[in-house]
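J.: sequence unavailable; structure follows:
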């Protein structure tokens, strides 16, 4: 009978949602998944996500953990799939070590920001890419990305001015890929502050548009002041694309 | 000053539209493009599409022709793009030979039907793929596709029972590609009758589900009776993916 610790991998189109985090009077991704699980288990189930995504932000891989009664994984996954709306996908369900916690155990996350740079239309990607008409200097953005990477105090890249904990993060990699008019910026860090991925992107865009100098980056860091960094890029272009965990023993092998 | 014959290549997400063809009291793709062009030229502009797509059907490449005053192509294209909604993309605008007509000159069209076969979720493709949970026998569908191809009277694959003209079409190729749970059926013919691509798909699906025998196909053709063919597959999985024209001189070289 005992309770088990589950690990759920989900993807979602965030367009219709007020973000990941459960809110009393709004449709959220966490709230929708919890409602489905609570129905299945006939008791209130709370889940912990690897992190919150903002309203309108998407996820190809978000991870959540929760404790609940022991049930066969395949049956549970199919019951969950039948209850979730079409824009939230239950990709996989695994049994996790009892110490596993989707947020606390996460060691690295990757967000990808999708840009359409130009005037060519994009009727099928329009909800997942931010359009920037003026040409971006991608080489300059790559130089800026190098300066942004590393272990820094990212307080200037955080929308929450009252954030009290350490705002030091290790921004491990930024890769910028260009295919025709599509520019994909992938940012990998041990953690992201509130709006950090979007403010990093906004800063890179301003540099790519020659509205901001490369050497302003050191000043932004030193100032710890949100006003000095770039604008917060629109939510719809952002997607949580990977969450990593260090200890492989957190993940038992019952994959589906 | 003289009038020119233009060729416009568009893509669209058909979800919000009552199909291609202009209708008095409904939002249609043709109607939306004509409204934009009429505004630009300050006179009513009528366009001819290569064919009508049904309500909810998408297009990656639809072709339309229209006559209008002589204008610089690049300026015209950017004015059109700025007026069209985000789910209709003006991909290219060309000057065409005066004899060019998007429907009458077309020699071949390809429709692709997108299926998700299984239970894995697809939050980003959900509006463009039809889900079929039970496993499809793709090899059997390929054998059926061979029997469907060729020059036949496709009256049994036409939803318009009162269709008076010749219902003989040359179905030149059907290719069925499978990648994981995704199955893409591409159908190429010199022309398609009303709902023909969706009824062909519905028939292939019934064969793939073992609900219909391979050798029923000859009987379907012989009967010329709609009731004997498979169901009309849902609109959202269908996309017009290519339109071809024989005479390359119809296409002048002013590509954008």
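T.: Now that the structure is in, tell me what you want to look at. Since this is a predicted model, take the numbers as computed values, not measurements.
J.: in the stretch 101-250 of chain A, what residue comes closest to chain B?
T.: With CB to the nearest CB, the shortest gap between the stretch 101-250 of chain A and chain B falls at residue A:121, namely 2.6 Å. C-beta here means a position set from N, CA and C on the backbone, and glycine is covered the same way.
J.: I'd like to know how many residues surround that residue.
T.: Taking other CB atoms under 10 Å in any protein chain shown as the criterion, the count of residues near residue A:121 is 23.
J.: surely it meets residue B:11?
T.: Yes. Using CB atoms under 8 Å, residue A:121 makes contact with residue B:11 at a distance of 6.7 Å.
J.: which residues do the two both contact?
T.: Overlap of the contact sets of residue A:121 and residue B:11 (by CB atoms under 8 Å, 6 or more residues apart in numbering or on different chains) consists of B:88, B:89, B:91.
J.: closest one of the residues you listed to chain A?
T.: residue B:89 (2.6 Å).
J.: quick one: low-confidence ranges for chain A?
T.: A:1, A:247-256 (pLDDT under 70).
J.: residues of it that sit close to chain B?
T.: A:11-13, A:58, A:60, A:78, A:81, A:84, A:86-91, A:119-124, A:126, A:128 (CB under 8 Å from any CB of the partner chain).
J.: out of the shared contacts of residue A:121 and residue B:11, which touch chain A?
T.: B:88, B:89, B:91.
J.: would you confirm that the first one contacts residue B:10?
T.: Yes. Contact criterion CB under 8 Å: residue B:88 and residue B:10 qualify, at 6.2 Å.
J.: list residues touching both of these two?
T.: B:29, B:33.
J.: higher neighbour count, those two?
T.: Comparing residue B:88 with residue B:10 by other CB under 10 Å, the one with more neighbours is residue B:10, at 27 against 24.
J.: OK, contacts around residue A:237?
T.: Here residue A:237 is in contact with A:113, A:114, A:115, A:128, A:129, A:130, A:201 (CB under 8 Å, 6+ apart).
J.: please disregard the earlier target; I meant residue A:193.
T.: A:154, A:155, A:157, A:158, A:160, A:163, A:167, A:169.
J.: and residue A:89, by the same measure?
T.: Residue A:89 sits in contact with A:10, A:11, A:12, B:120, B:121, B:122, B:123, where contact means CB under 8 Å, 6+ apart.
J.: which of those residues fall in strands?
T.: Under the assignment DSSP state E, those contribute A:10, A:11, A:12 to strands.
J.: roughly how far apart are residue A:61 and residue A:32?
T.: 17 Å (CB to CB, to the nearest Å).
J.: is there a neighbour count for residue A:129? I'd like the number.
T.: Neighbours of residue A:129 (other CB under 10 Å): 22.
J.: likewise for residue A:82?
T.: Residue A:82: 11 neighbours (other CB under 10 Å).
J.: just residue A:147 next, same as before
T.: 17.
J.: list the contacts for it?
T.: A:214, A:217, A:218.
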